[in-house]
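S.K.: Sequence first, then the predicted structure, then my questions.
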Amino acid sequence: MSETEKPSSATDPGAGRRLGIDVGSVRIGVAMSDPDCILATPVETVPAAVDGSDVARVVELVQDNSVVEVVVGLPVALRGNHTSSTYLAEDFALDLREDLGDIPVRLVDERMSTMAATQAFQASGVSAKKGRKKIDQAAAVHILQGWLDARRRVLANI
(Lines give C-alpha, C1' and ligand atoms only; values in the text may rest on other atoms or scores of the structure.)
Protein backbone atom coordinates (compact mmCIF):
# COMPACT_ATOMS: atom_id res chain seq x y z
CA MET A 1 0.00 0.00 0.00
CA SER A 2 3.00 2.31 0.24
CA GLU A 3 2.44 4.00 -3.10
CA THR A 4 2.33 7.74 -2.66
CA GLU A 5 -0.16 9.81 -4.58
CA LYS A 6 -0.14 13.19 -6.22
CA PRO A 7 -3.23 15.35 -6.83
CA SER A 8 -5.14 14.41 -9.96
CA SER A 9 -8.15 16.02 -11.59
CA ALA A 10 -9.50 12.49 -12.22
CA THR A 11 -9.58 11.57 -8.52
CA ASP A 12 -10.15 14.99 -6.93
CA PRO A 13 -13.30 15.01 -4.78
CA GLY A 14 -14.01 18.67 -5.54
CA ALA A 15 -14.56 21.58 -3.20
CA GLY A 16 -14.28 21.15 0.54
CA ARG A 17 -11.91 20.90 3.45
CA ARG A 18 -8.89 18.63 3.49
CA LEU A 19 -7.25 17.14 6.58
CA GLY A 20 -3.48 16.63 6.80
CA ILE A 21 -1.98 14.03 9.13
CA ASP A 22 1.57 13.61 10.42
CA VAL A 23 1.66 10.17 12.07
CA GLY A 24 4.17 9.56 14.81
CA SER A 25 4.66 6.80 17.37
CA VAL A 26 3.79 9.17 20.25
CA ARG A 27 1.77 11.99 18.70
CA ILE A 28 -0.25 12.59 15.54
CA GLY A 29 -0.25 16.12 14.17
CA VAL A 30 -3.44 17.29 12.48
CA ALA A 31 -3.96 20.22 10.12
CA MET A 32 -7.00 21.34 8.13
CA SER A 33 -7.58 23.46 5.07
CA ASP A 34 -10.16 26.14 4.59
CA PRO A 35 -13.14 25.12 2.39
CA ASP A 36 -11.50 26.81 -0.63
CA CYS A 37 -8.32 24.70 -0.23
CA ILE A 38 -5.99 27.67 -0.07
CA LEU A 39 -4.42 27.52 3.37
CA ALA A 40 -3.57 24.71 5.81
CA THR A 41 -3.73 25.55 9.51
CA PRO A 42 -2.88 23.52 12.62
CA VAL A 43 -5.79 21.84 14.40
CA GLU A 44 -4.55 19.65 17.23
CA THR A 45 -2.14 16.96 18.34
CA VAL A 46 -3.76 13.60 18.98
CA PRO A 47 -1.98 11.14 21.30
CA ALA A 48 -1.02 7.98 19.40
CA ALA A 49 -2.83 4.97 20.87
CA VAL A 50 -2.88 1.23 20.32
CA ASP A 51 -6.58 1.03 21.20
CA GLY A 52 -7.69 2.90 18.05
CA SER A 53 -8.78 6.04 19.90
CA ASP A 54 -6.35 8.06 17.77
CA VAL A 55 -8.03 6.90 14.55
CA ALA A 56 -11.45 7.50 16.13
CA ARG A 57 -10.48 11.10 16.98
CA VAL A 58 -9.35 11.78 13.41
CA VAL A 59 -12.57 10.22 12.05
CA GLU A 60 -14.51 12.51 14.39
CA LEU A 61 -12.61 15.56 13.06
CA VAL A 62 -13.35 14.47 9.48
CA GLN A 63 -17.07 14.06 10.19
CA ASP A 64 -17.45 17.22 12.31
CA ASN A 65 -15.79 19.40 9.65
CA SER A 66 -17.25 17.85 6.48
CA VAL A 67 -13.78 16.91 5.25
CA VAL A 68 -13.75 15.56 1.68
CA GLU A 69 -10.19 14.21 1.55
CA VAL A 70 -7.49 13.14 4.01
CA VAL A 71 -3.77 13.43 3.27
CA VAL A 72 -1.47 11.25 5.38
CA GLY A 73 2.26 11.89 5.26
CA LEU A 74 4.29 8.79 4.42
CA PRO A 75 7.76 9.08 5.95
CA VAL A 76 10.24 7.38 3.68
CA ALA A 77 13.97 7.47 4.39
CA LEU A 78 15.99 9.74 2.11
CA ARG A 79 17.22 6.72 0.16
CA GLY A 80 13.63 5.62 -0.40
CA ASN A 81 13.62 2.65 1.97
CA HIS A 82 10.85 1.99 4.45
CA THR A 83 11.25 2.43 8.18
CA SER A 84 9.10 1.59 11.19
CA SER A 85 7.58 5.08 10.81
CA THR A 86 6.60 4.25 7.22
CA TYR A 87 4.70 1.17 8.36
CA LEU A 88 3.07 3.11 11.19
CA ALA A 89 1.72 5.71 8.74
CA GLU A 90 0.55 3.00 6.31
CA ASP A 91 -1.33 1.20 9.08
CA PHE A 92 -2.92 4.44 10.28
CA ALA A 93 -4.03 5.29 6.73
CA LEU A 94 -5.46 1.79 6.28
CA ASP A 95 -7.46 2.10 9.52
CA LEU A 96 -8.74 5.50 8.41
CA ARG A 97 -9.79 4.11 5.02
CA GLU A 98 -11.77 1.36 6.72
CA ASP A 99 -13.55 3.81 9.02
CA LEU A 100 -14.15 6.60 6.50
CA GLY A 101 -15.56 4.56 3.63
CA ASP A 102 -15.97 6.83 0.59
CA ILE A 103 -13.74 9.67 1.78
CA PRO A 104 -10.38 9.33 0.02
CA VAL A 105 -7.30 8.84 2.21
CA ARG A 106 -4.11 9.67 0.29
CA LEU A 107 -0.56 8.75 1.23
CA VAL A 108 1.90 11.47 0.23
CA ASP A 109 5.68 11.64 0.41
CA GLU A 110 6.50 13.66 3.50
CA ARG A 111 10.26 13.42 3.63
CA MET A 112 11.65 16.31 5.63
CA SER A 113 8.30 17.72 6.88
CA THR A 114 9.12 17.23 10.56
CA MET A 115 12.64 18.51 10.02
CA ALA A 116 11.30 21.60 8.20
CA ALA A 117 8.81 22.23 11.02
CA THR A 118 11.50 21.77 13.70
CA GLN A 119 13.86 24.16 11.93
CA ALA A 120 11.11 26.76 11.61
CA PHE A 121 10.37 26.50 15.33
CA GLN A 122 14.05 26.76 16.25
CA ALA A 123 14.42 29.80 13.99
CA SER A 124 11.57 31.45 15.89
CA GLY A 125 13.24 30.71 19.23
CA VAL A 126 11.09 27.75 20.35
CA SER A 127 13.05 24.69 21.46
CA ALA A 128 12.17 21.34 19.93
CA LYS A 129 11.51 19.91 23.39
CA LYS A 130 9.08 22.67 24.40
CA GLY A 131 7.36 22.75 21.05
CA ARG A 132 6.92 19.03 20.32
CA LYS A 133 3.11 19.08 20.13
CA LYS A 134 3.17 22.18 17.96
CA ILE A 135 5.91 20.73 15.77
CA ASP A 136 3.69 17.73 14.99
CA GLN A 137 0.90 20.11 13.97
CA ALA A 138 3.34 22.20 11.92
CA ALA A 139 4.55 19.05 10.13
CA ALA A 140 0.91 18.24 9.31
CA VAL A 141 0.49 21.80 7.97
CA HIS A 142 3.61 21.32 5.83
CA ILE A 143 2.25 18.03 4.41
CA LEU A 144 -1.21 19.44 3.72
CA GLN A 145 -0.02 22.76 2.29
CA GLY A 146 2.20 20.89 -0.16
CA TRP A 147 -0.84 18.88 -1.27
CA LEU A 148 -3.03 21.97 -1.59
CA ASP A 149 -0.41 23.82 -3.66
CA ALA A 150 0.14 20.82 -5.96
CA ARG A 151 -3.64 20.36 -6.27
CA ARG A 152 -4.08 23.99 -7.28
CA ARG A 153 -1.41 23.64 -9.99
CA VAL A 154 -2.97 20.41 -11.33
CA LEU A 155 -6.49 21.84 -11.44
CA ALA A 156 -5.28 25.07 -13.08
CA ASN A 157 -3.93 23.01 -16.01
CA ILE A 158 -7.26 21.37 -16.86
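M.R.: Nice, thanks for sending it over.
S.K.: for the protein, which helix is longest?
M.R.: Counting by DSSP state H, the longest helix found in the chain is helix 132-156.
S.K.: ok now that one, how far from the chain's centre?
M.R.: On the basis of C-alpha atoms, centre = their mean, to the nearest Å, helix 132-156 is displaced by 7 Å from the centre of the chain it belongs to.
S.K.: and it, what does it pack onto?
M.R.: Under the contact definition 3 or more C-beta pairs under 8 Å, 6 or more residues apart in numbering; DSSP states H and E, helix 132-156 sits against strand 17-23, strand 27-33, strand 40-47, strand 67-74, strand 105-109, helix 113-123. For the C-beta atoms, the positions are set from N, CA and C on the backbone; glycine is no exception.
S.K.: again, 7 Å this time
M.R.: Using 3 or more C-beta pairs under 7 Å, 6 or more residues apart in numbering; DSSP states H and E as the contact test, the elements touching helix 132-156 are strand 17-23, strand 27-33, strand 40-47, strand 67-74, helix 113-123.
S.K.: Dump those into CSV; add distance to Ala10 as well.
M.R.: Shown next, in CSV, are the helices and strands packed on helix 132-156 (distance: least, C-beta to C-beta, whole Å):
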stretch, distance to Ala10
strand 17-23, 17
strand 27-33, 20
strand 40-47, 23
strand 67-74, 14
helix 113-123, 26
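S.K.: To His142, which of those lies closest?
M.R.: Of all the helices and strands packed on helix 132-156, helix 113-123 sits nearest to His142, with 4.3 Å by C-beta to C-beta.
S.K.: Tell me what Pro47 is bridged to.
M.R.: Beta bridges link Pro47 to Arg27, judged by DSSP bridges.
S.K.: for Leu107, same thing?
M.R.: The partner list for Leu107 in beta bridges (DSSP bridges) reads Val72.
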